[in-house]
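1. Have a look; sequence and predicted model below, questions after that.
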Amino acid sequence: MIRKLYPFGKVKAFNVTYDDGVLQDVRFVEMINSYNLKGTFNLNSGLMENEFEWTHESGCVVKRLNKEKVLSLYRGHEIASHTLTHTYLQDKNESEIMFELKEDKKNLENLFQREIKGFAVPFDYYSDLVEECAKKCGFVYARISEETLSFKPQTDYYRWKATVFHLDDSLESLTQDFLNTDEELALFQIVGHSYDLDTENMWDRIDSILKEISMHGDILPMTNIEIIDYLKAMEKVEITNNSIINNSGQSLWFSVDETICEVKPKSKFPVSKL
Ligand SMILES: [Zn+2]
């Protein structure tokens with residue numbers, strides 16, 4: 001029996017994806033680093049000054065991180081775009097949407113000196129026009145605000161949904177379900193803003209979830225783009241009775257009758273050998 005696996009023969013993948021680049025990310029990133037987990041952080045390059053603060057309904061003042069801080073803080077994690085100014089895209093025409101996306105991508109690429117491939121929508125508005133603009137700007141994926149509440153990997157990369165918003169009541173039960181699931185290529189992705197951890201007083205809750213996930217050796221921490229690149233490569237695989245053909249440019253992993261094997265890029269793996 002052939003089963004698809006994540007890189008290095010891991011059965012499941014895990015990611016946290018947090019938006020806005022706020023002060024509470026300092027504590028949050030320290031936490032995920034301490035558990036060797038990987039995050040995707042969606043930033044607004046036009047709001048990276050301390051004066052762009054706002055008061056949450058709880059009274060908590062939410063402050064943005066400045067350029068120097070974001071550059072050092074998110075080392076080892078993915079940076080994605082969240083528009084230039086965290087604007088309401090429903091109020092914008094095509095050229096205004098293009099400006100918000102393009103400028104943020106360019107600024108983040110200049111700041112981090114790497115290609116920015118992902119886009120996460122601000123607020124919860126998404127449309128065919130926003131999707132078109134994300135494609136035109138060269139983004140590889142667009143994360144929208146809906147949850148899947150399942151571990152099945154998505155196939156629409158321009159309407160990518162995370163598994164669960166961290167304020168969802170099912171957060172703990174979903175975590176347990178994920179640890180117990182036997183689904184192929186199971187993926188668990190928690191989405192949120194780190195200021196919620198202050199306003200909802202839930203640092204301990206998230207800490208115990210992340211700690212538990214980190215203790216399971218069959219779960220691979222990945223960034224959102226690493227997951228998407230891998231799933232796309234996996235889409236091109238051909239599995240026949242006697243071989244696995246990897247048509248992609250990266251290694252793919254499988255278990256064949258319980259034996260873990262790496263199929264190198266652009267190569268054919270004879271299954272009968274096992
Ligand atoms: Zn946001």
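-> Yep, that arrived.
2. alpha carbons only for contacts and neighbour counts from here, please
-> OK.
3. The residue in the stretch 101-250 of the chain that the ion sits nearest to: what's it in contact with?
-> Going by Cα to the ion, the ion is nearest to residue 122 of the stretch 101-250 of the chain, at 4.6 Å. Counting by Cα atoms under 8 Å, 6 or more residues apart in numbering, residue 122 makes contact with 82, 83, 86, 87, 88, 89.
4. For the fifth one, the count of nearby residues, please.
-> Read it as residue 88. 14 (other Cα atoms under 10 Å).
5. rewinding a little: right, and out of the contacts of residue 122, which lies closest to residue 174?
-> Nearest to residue 174 out of the contacts of residue 122 is residue 82 (Cα to Cα; 26.4 Å).
6. what's that closest one in contact with, if anything?
-> 19, 20, 42, 43, 44, 101, 104, 119, 120, 121, 122.
7. For residue 37, which non-adjacent residue is closest in space?
-> Nearest non-adjacent residue to residue 37, counting by Cα to Cα, 6 or more residues apart in numbering: residue 221, 5.1 Å away.
8. hang on, the earlier thing: quick one: pLDDT of the residue of the stretch 101-250 of the chain closest to the ion?
-> You'll see residue 122 listed with a pLDDT of 96.
9. tell me which element it is part of?
-> Assigned by DSSP states H and E, residue 122 falls within no helix or strand.
10. Ok, residue 100 next?
-> helix 94-112.
11. Need the contact partners of the helix or strand following that helix.
-> Where DSSP H and E defines the elements, the next helix or strand beyond helix 94-112 is strand 118-120. Residues outside strand 118-120 that contact it (Cα under 8 Å, 6+ apart) are 42, 79-83, 134, 139-144, 225.
12. cool, and stretch 137-153?
-> If you take Cα under 8 Å, 6+ apart as the criterion, stretch 137-153 is touched by 98, 101-102, 116-121, 123-126, 131, 134, 157-165, 174, 178, 183, 185-188, 225, 228, 231.
13. Provide a ChimeraX selection command restricted to the buried entries of those residues.
-> In ChimeraX, this line selects whichever of those come out buried by 16 or more other Cα atoms under 10 Å:
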select :98,101,102,116,117,118,119,120,121,126,131,134,157,158,159,160,161,162,163,164,165,174,178,185,186,187,188,225,228,231
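14. List the ones among the contacts of stretch 137-153 that fall in helices.
-> 98, 101, 102, 131, 134, 174, 178, 225, 228, 231 (DSSP state H).
15. May I ask you to confirm that the first one is in contact with residue 132?
-> No: proximity of residue 98 to residue 132 does not meet the contact threshold set by Cα atoms under 8 Å, at 9.5 Å.
16. Can you pull the phi/psi pair for residue 184?
-> Here the main-chain torsion angles of residue 184 (degrees, to the nearest 10) amount to phi -70, psi 140.
17. got the residue ranges for the strands in the stretch 51-200 of the chain?
-> 54-55, 61-62, 78-81, 118-120, 141-147, 160-162, 164-165, 186-192 (DSSP state E, counting those that start in this stretch).
18. which parts of this protein sit against the ion?
-> Proximity of the chain to the ion (Cα under 5 Å from the ion) is limited to residues 20, 122.
19. per-domain residue ranges of the chain.
-> 12-233, 236-273 (automatic domain parsing).
20. and the first one, how far apart are its ends?
-> Going back to what we said before, that points to domain 12-233. This stretch, domain 12-233, spans 16 Å end to end (Cα to Cα, to the nearest Å).
21. which residues sit against the helix holding residue 100?
-> 44-46, 67, 71, 79-85, 89, 115-116, 129-130, 133-134, 137.
22. Can you say which of those residues are buried?
-> 44-46, 67, 79-85, 89, 116, 130, 133-134, 137.
23. For residue 258, find the nearest of the strands of the stretch 51-200 of the chain.
-> strand 186-192 (17.3 Å).
24. quick check: angle from the closest one to strand 141-147?
-> 80 degrees (axes from the mean of the first three to the mean of the last three Cα atoms, to 10 degrees).
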